[in-house]
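Peer 1: The following block contains a protein sequence and its predicted model.
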Amino acid sequence: DDNFERAREMLGRFFAACYPRHVARDLGIERRHSWRRYRRGMLAVGRIDYACLLENGAMELVDWKTGRRKGGVEDLDQDLQVLFYRSLGAEAYAHLAPRSIRVTLYFLGSGAPLTVDLEREDFEAGWNRIEAIATAIREAMAAVSAGMPLLEAFPPRRGVQCSLCPIGAHCDALASAGKLVVPPEGGAA
């Protein structure tokens, strides 16, 4: 597959070059992590592409991206993947007591990192959003079990989650077919 080969070449270039940060210790590549217990009815499981301790004592969790960059660093504190990465890394490497935890989306095509250090308030606000989403999913699942059509219970929606998504064309097609809820300008989905 062409996409696989393209991604493989990009990763090869990443490993052939020096990482642009001052790494004190590599912690792992493509390691699977999960929370040790459920939190408010949720269990996070994920694979962190690359984790390292930097010379300044911070831990960096990197997600390699093969697509083009969309949005900026100001969008990252709203990105749910960033919240999960930070949460998984914080628990998996708590024994190392890093000075801080940063999450980086590393765009392999351009070699450009996009990094965020989440402040505690941003992290807590993000988890409030995740809990609201989990509640909505549970309610929709109950509605589907009671007979509601799937697309009615789970309507695709545009929102802040779209700012870094690489498959916008898919949603554009759904929107033009009238199957995507697009909130009014400035409104929430």
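Peer 2: Great, that's in hand. Residues are numbered from 1 along each chain as shown.
Peer 1: Give me the distance between the residue nearest in space to the middle of the chain and G12.
Peer 2: Taking C-alpha atoms, centre = their mean, the centroid of the chain lies closest to Q81, which sits 1.7 Å from it. To G12, Q81 is 24 Å away according to C-beta to C-beta, to the nearest Å. Glycine gets a C-beta too; all of them are placed from N, C-alpha and C.
Peer 1: And for G111?
Peer 2: Applying C-beta to C-beta, the value for G111 to G12 is 13 Å.
Peer 1: Show the contacting residues for R47.
Peer 2: Contact analysis of R47 by C-beta atoms under 8 Å, 6 or more residues apart in numbering lists 30-33.
Peer 1: Could you do A90 as well?
Peer 2: Contact analysis of A90 by C-beta under 8 Å, 6+ apart lists I101.
Peer 1: A helix includes it, no?
Peer 2: Yes. Judged by DSSP: H, G, I helix; E, B strand; the rest coil, A90 forms part of a helix.
Peer 1: Quick check, pLDDT for it.
Peer 2: Per-residue confidence (pLDDT) for A90: 88.
Peer 1: Could you pick out the longest helix of the protein?
Peer 2: Longest helix in the chain by number of residues, with DSSP state H as the criterion: helix 120-145.
Peer 1: downstream neighbour of it in the secondary structure list?
Peer 2: Moving toward the C-terminus from helix 120-145, the next helix or strand (DSSP states H and E) is helix 150-153.
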